[in-house]
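I would like to see how this sequence folds:
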Amino acid sequence: MAERLPDTRPVETVADSAPLSARLQYGTPFHAELLGRLVQRRQLSERHISTRYDDWNQVNDHINFFIDLTRNAKKADKTVDTSGKEMPFQRAIVIPAAYATLMVRLTTLMTIYSARDPMIQVEGRGPEDMNTAKVIEGVLAYDLQRMKSALVLYGAMQDAEKYGLGIVQDTWDVEPGWQTKRLPLLPGALGQMQQAVMRRLGIEPTSREWTTVKEGNIWRVVDPYMYWPDPRIPGQQIQEGEFIGHRTRRAYMYLYERSTVASGDDEGLYFNIEYLRQARTSRQTSRERGLPADRDLSAMDFRGTSDEKDRGVFDIDSFQIKLIPREWKLSSERRPEIWWFTMADDCCIIRAQRSPHDHGQFTYATLSPNYDAHTAFQQGNIENMDGLQRMINWLYNSHKENVQRVLNDSLIYCPEWIEEADLLNPGPARHLRITPAAKELIEQGRLSMSSLVQPLPIIDVTRQNLAEMDKLFELVQRMLGTNDPVSGQQTQDKRTLGEVERIIAASGRRMALTAQIYDLMAFQDLALRAIANRQQFTELEQYIKITGTLAQEQGVERMLVNRDNLQGNYDYVPISGIIPPDPSRFAEVWMQLMNAVAESPQLQQPDASGNVPNMHAMFKEVAHTLGARNVDQFFMQVAPVQPTVQPDGAVQQAVQAGNMIPANQADIGANGHVQGAGIQGPMVAVNGQVS
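Sure, this is the predicted structure:
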């Protein structure tokens, strides 16, 4: 082994061994230096991701059924034609093609992910881990229920389908709060005496304690507009970047209850809380172009006379940076580590600590339906159909304008022959009065009534627009796999049941591919980190629901779990794939098998290993598949049926009559039955012989 040379690179040494929260006090030079590094990284990321804002805003317009009548026409190369408008009509309608497509895809994807219960299933690497894996599966099921994981999945996949970027942050969450505890009392009369003495001394029988109320894994959907990735690497390789972060909106009290001030020691997450009001006065009032108005926090402050008790809400930028702590003057460590930083309103650092997670990864996962291993950002499915959606809108609104033109008559008339006020202001019963000059001409025969008013000939050139819209929407369905049967609509042409089932199956495979991509990109990593977090951070004991063989072995459905019960090596069972068949289909298969066994005497005989079908077990499997629980309680224990042994005399008479023969004289076949003897019962030993 080569000798390791000393590290002679010039680095700035750590100033002192004081706590980092004290060294990073607001207003110190070290605080300003570190703050500048964080702001630079946020600005670098925001410069790149803000180029996507305009496209995302237009996707939101499609989903929100909004048309900006002042928007200039958009060319195919995404440039803008300033000489024309996109929709030159005073009243325009959005055809919900994008919205319908998004809902169909989300419904199908959510069906895939919710097909398993629990959604994350865990298996052990070795036989010794199988039961323990079911314990951690139950704990993760509790975490998923607590974090409302279905909403997290829905929000992340919705962002991915719309913008091409869905982000989930996963971490360990500890929720502090007040907990009431009762003092222990002696049993019986001694306890009553103890309470009387406590009341006399003014001692309360209960006490309130600030402690951990809940703990567990937590997943949160990150707003793509507020996501700060390292733009120098492909978007799906976030673990290889130098930094990653995002912005959230937090109230002062949320930060305060998790601060060192509230905890009374250094166990709190946040410091410099007392300087946040000063940070609020220097809040930036402008943001990068294209940011939606509801993301601008400067509009959330009180106007006029403010409430002095209001502590406000803050733009909180959280960063995870892979760095060498010695170079950043954070510690004397020379090897790379992940550190977590949080700053409020770009002017106050309120958190700086080494990543507490043993898994050693950034706690973010991203989803994109159009995976590209080489680009920083990919387009979403709804964004890809932007041009088709705009064309569908234009075709329908053009047809609507033409219909309005037909409904509003275009007439040729002479104001000297017709009272013009009757034409310009028609009533429900339309009466047109002619002028005296027209009356005179008619009486002279020089003018006919039919020639007084003539409508202009109108040709509806937009009649085919609706058919063109159907063709464009069919292109959308082909592009995204959302055909009519999957959408719950009848097909335009007649199809057989088999054809419809094949269409649905093909669409399901396309949806399953998207689900598999999401699983590989995000949910597998989320699940594995959730397991690691549970093994590392669990402090509170809690009851969980257990199922399967473990529940049968333990004889209970609930189990008290602590950290020691969660240790081991586990594999995550992927939750994606082809949509599982309906459970009733499984039940039908089992019932067909039961009927086959009941109707076939050969299947009821022992196989080569001496085993016979267990009809009771098959019935329980059918009940379980159909959703029935506690089937065992409906089975009663009865005494086993004993074979009847006939007296020797009766046996001899039966032999003489030809109804019985000794077993050693019978022509016994391979199945154990006497050949040609018809229906036979079990053989019984009589006087040492089987007959």
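
Can you give me the neighbour number for R258?
20 (other Cβ atoms under 10 Å). Every C-beta, even on glycine, is put in place using the N, C-alpha and C of the backbone.

tell me the contacts of it?
176, 268-270 (Cβ atoms under 8 Å, 6 or more residues apart in numbering).

Give me the most central residue, the protein.
Among the residues of the chain, the one closest to the centroid is L153, at 0.6 Å (Cα atoms, centre = their mean).

Adding secondary structure, distance to D55 and neighbour count, write the contacts of R258 out as JSON lines.
Putting the contacts of R258 into JSON lines (DSSP: H, G, I helix; E, B strand; the rest coil; distance: Cβ to Cβ, whole Å; neighbours: other Cβ atoms under 10 Å) gives the following:
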{"residue": "P176", "secondary structure": "strand", "distance to D55": "41", "neighbour count": "17"}
{"residue": "G268", "secondary structure": "coil", "distance to D55": "41", "neighbour count": "20"}
{"residue": "L269", "secondary structure": "coil", "distance to D55": "36", "neighbour count": "17"}
{"residue": "Y270", "secondary structure": "strand", "distance to D55": "36", "neighbour count": "24"}
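
returning to that earlier point: tell me the contacts of the residue nearest to the centre of the chain?
L153 is in contact with 110, 113, counting by Cβ under 8 Å, 6+ apart.

Where does it fall, secondary structure wise?
helix 149-163 (DSSP states H and E).

can you pull the buried residues of that helix?
149, 152-163 (16 or more other Cβ atoms under 10 Å).

For the stretch 201-350 of the chain, just list every one of the strands.
All strands of the stretch 201-350 of the chain, identified by DSSP state E, counting those that start in this stretch, fall at 206-222, 227-229, 243-251, 313-323, 337-344, 348-354.

Now do the helix holding L153, average pLDDT.
Averaging pLDDT along helix 149-163 gives 93.

same check, this time on stretch 635-647
Mean pLDDT, computed over stretch 635-647, is 67.

Stretch 461-472 too?
85.

So which residues make contact with it?
95, 388, 391-392, 395-396, 398-399, 401-403, 492.

hmm, which of these are the buried ones?
Neighbour counting with 16+ other Cβ under 10 Å marks 95, 388, 392, 395-396, 398-399, 402 as buried within those.

and the helix holding L153 with strand 206-222, angle?
If you take axes from the mean of the first three to the mean of the last three Cα atoms, to 10 degrees, helix 149-163 sits at 30 degrees to strand 206-222.

one step back: any chance of the contacts of stretch 461-472 in JSON lines, with secondary structure too?
Shown next, in JSON lines, are those (DSSP: H, G, I helix; E, B strand; the rest coil):
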{"residue": "I95", "secondary structure": "coil"}
{"residue": "L388", "secondary structure": "helix"}
{"residue": "M391", "secondary structure": "helix"}
{"residue": "I392", "secondary structure": "helix"}
{"residue": "L395", "secondary structure": "helix"}
{"residue": "Y396", "secondary structure": "helix"}
{"residue": "S398", "secondary structure": "helix"}
{"residue": "H399", "secondary structure": "helix"}
{"residue": "E401", "secondary structure": "helix"}
{"residue": "N402", "secondary structure": "helix"}
{"residue": "V403", "secondary structure": "helix"}
{"residue": "Q492", "secondary structure": "coil"}
